[in-house]
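Enquirer: Predicted coordinates and the sequence they were generated for:
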Amino acid sequence: MKFHRPEADIFVPDGTDAEQALSRTTHLCICAHQDDMEIFAFHGILECFNRKDYWFTGVVLTDGAGSARSGEYGQYSDQEMQKVRFREQRKAAQIGEYSALIQLLHPSSAVKDNNNRQVVEDLLEILKLAKPKVVYLHNPADKHDTHVATLSKAITALRSLSPGYLPDQVFGCEVWRNLDWVCDEDKVVLPVDGHQNLSAALLGVFDSQIAGGKRYDLATEGRRLSNATYFQSHETDTNTALTYALDLMPLLLDKNLKMSDFVSTQIRKFEQDARNRADKFN
């Protein structure tokens, strides 16, 4: 495999040949930053953990430059911070027993450049070899520009695949904005019960973010608990932790469907649902 950035890195925790590690992939996550996949694709990590028939591979597009930092990391240069975040992501891959971790190390500006094809070409190389059954992506209602740009690059790459290479399921998951507002019939509910120790270890390894002033570990666990408790108002909880996602397969199957139109449909359905309930009691 050859990627556009010469410093791009493939890490295989169990030492298997890199191409073999990619080809055994069943669950794949494509995300913008180091630590994103541990926040939004824990369902996939958990599905594959300690299994010999399911394998999780993670792909990080950006290089970690420009990360927020304070405390002991406050004086780190961008280059020093990139090295820290690179190492943290590798540690997570080791803990989570990933099949492979690919850090493409593109600058965020390249990912957000609509005319940049290099990121899409790198993703195509990975997707053709991995042929995953399940893919975890950012969702189009996320409020972080790099997340939505990453989603756009991933959708473009997936749309370029021939039908035999398409995954069975593609999920757009929560990071910067939750998906509680999506109508229940359109919400993909992903249980992430059990192995709370694994979740804590994966989220806790990103010390540069947590000690640097962002408690993503507590916030992520809290969101999962909140999702489980507030999912059904008239039933007792059947899960203790849930993440929500959107089914993004319509964006693959209809190549003319814009992400903006896709998300607008969801927003209009939410608006109508809220109006109907309010009107019942006016």
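Expert: Yes, it's here. In this text, all values refer to a predicted model and were calculated from it rather than measured experimentally.

Enquirer: Give the rounded mean pLDDT of stretch 249-260.
Expert: Throughout stretch 249-260, pLDDT has a mean value of 96.

Enquirer: Can you give the contact residues for the lowest-mean-pLDDT helix or strand in the chain?
Expert: The weakest-scoring helix or strand in the chain, judged by mean pLDDT, DSSP states H and E, is helix 207-210 (a mean of 88). Helix 207-210 is contacted from outside by Asp35, Ser67, Ala68, Arg69, Tyr73, Met81, Val84, Arg85, Glu88, Gly204, Tyr216, Asp217, using CB atoms under 8 Å, 6 or more residues apart in numbering. Just so you know, the C-beta spots here come from the backbone N, C-alpha and C atoms, and that holds for glycine as well.

Enquirer: again, only using 10 Å
Expert: Helix 207-210 has contacts (CB atoms under 10 Å, 6 or more residues apart in numbering) with 33-35, 64, 67-69, 71-73, 76, 80-81, 84-85, 87-88, 91, 203-204, 214-218.

Enquirer: How about the very next helix or strand once past that helix, which residues are buried there?
Expert: Scanning forward in sequence from helix 207-210 by DSSP states H and E, the next helix or strand is helix 216-229. Of all the residues in helix 216-229, those buried under the rule 16 or more other CB atoms under 10 Å are Tyr216, Asp217, Thr220, Glu221, Arg223, Arg224, Asn227, Ala228.

Enquirer: do stretch 39-53 as well
Expert: Buried residues in stretch 39-53, counting neighbours by 16+ other CB under 10 Å, are found at Ile39, Phe40, Ala41, Phe42, His43, Gly44, Ile45, Leu46, Glu47, Cys48, Phe49.

Enquirer: which one among those residues gets closest to Tyr165?
Expert: Nearest to Tyr165 among the buried residues of stretch 39-53, counting by CB to CB, is Gly44 at 18.5 Å.

Enquirer: how about the nearest residue to that closest one, chain neighbours excluded?
Expert: Nearest residue to Gly44, sequence neighbours excluded (CB to CB, 6 or more residues apart in numbering): His27, at 3.9 Å.

Enquirer: The stretch 101-250 of the chain: helices as residue ranges?
Expert: 108-111, 118-130, 145-159, 196-204, 207-210, 216-229, 249-253 (DSSP state H, counting those that start in this stretch).
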